[in-house]
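K.L.:
When you get a sec, could you give me coordinates for this:
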Amino acid sequence: MNRIVLKSKVGSDGVLRVTVPVGAAEADREVQLTIEPFSSVASSPQDYLSFLQTTAGAWQGEFERPEQGDYEERDPL
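P.N.:
Residues are numbered from 1 along each chain as shown. I've put the predicted structure just below:
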């Protein structure tokens, strides 16, 4: 059985209803269900702006491209 990732929303009654058809070949097998909250980086424009403000200016390295070397020599056609 392959891992299945399913995103669902808890109803207004606080109950999560999940139906996942996995096929007859997988019948009578034990499965493990892990419930964890899902959050995206930019769920609203304000969240996205906050994300940008916390990451802006965070780079602490040099912005120089290192030497790339020579092109390979190919036989003429």
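K.L.:
For burial, what's the neighbour tally of the residue lying closest to Arg17 once chain neighbours are set aside?
P.N.:
Of all residues not flanking Arg17 in the chain, Gly11 sits nearest, at 6.9 Å (CB to CB, 6 or more residues apart in numbering). Backbone N, C-alpha and C define where each C-beta goes, glycine included. Number of residues near Gly11 (other CB atoms under 10 Å) recorded here: 9.
K.L.:
quick one: Gly11 from Val18, how far?
P.N.:
Separation of Gly11 from Val18 (CB to CB, to the nearest Å): 11 Å.
K.L.:
try Gln46
P.N.:
To Val18, Gln46 is 30 Å away according to CB to CB.
K.L.:
With Glu62 instead?
P.N.:
49 Å.
K.L.:
so is Gln46 in a helix, a strand, or just coil?
P.N.:
Secondary structure for Gln46, judged by DSSP: H, G, I helix; E, B strand; the rest coil, is helix.
K.L.:
Could you list the low-confidence segments of the chain?
P.N.:
1, 40-43 (pLDDT under 70).
K.L.:
What are the boundaries of the helices in it?
P.N.:
45-55 (DSSP state H).
K.L.:
measure Glu36 to Arg3 for me?
P.N.:
Distance, Glu36 to Arg3, by CB to CB: 14 Å.
K.L.:
Same check on Gln68?
P.N.:
40 Å.
K.L.:
Next, the buried residues of stretch 46-54.
P.N.:
Buried residues in stretch 46-54, counted by 16 or more other CB atoms under 10 Å: none are found.
K.L.:
In CSV, could you pull the C-alpha coordinates for that stretch?
P.N.:
The C-alpha coordinates for stretch 46-54 follow below in CSV (Å, rounded to 0.1, in the frame of the first residue of the first chain):
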residue,chain,number,x,y,z
GLN,A,46,-1.3,39.7,5.5
ASP,A,47,0.4,36.3,6.3
TYR,A,48,2.4,36.6,3.1
LEU,A,49,3.5,40.1,3.8
SER,A,50,4.6,39.0,7.3
PHE,A,51,6.6,36.1,5.8
LEU,A,52,8.3,38.5,3.4
GLN,A,53,9.2,40.9,6.1
THR,A,54,10.8,38.2,8.3
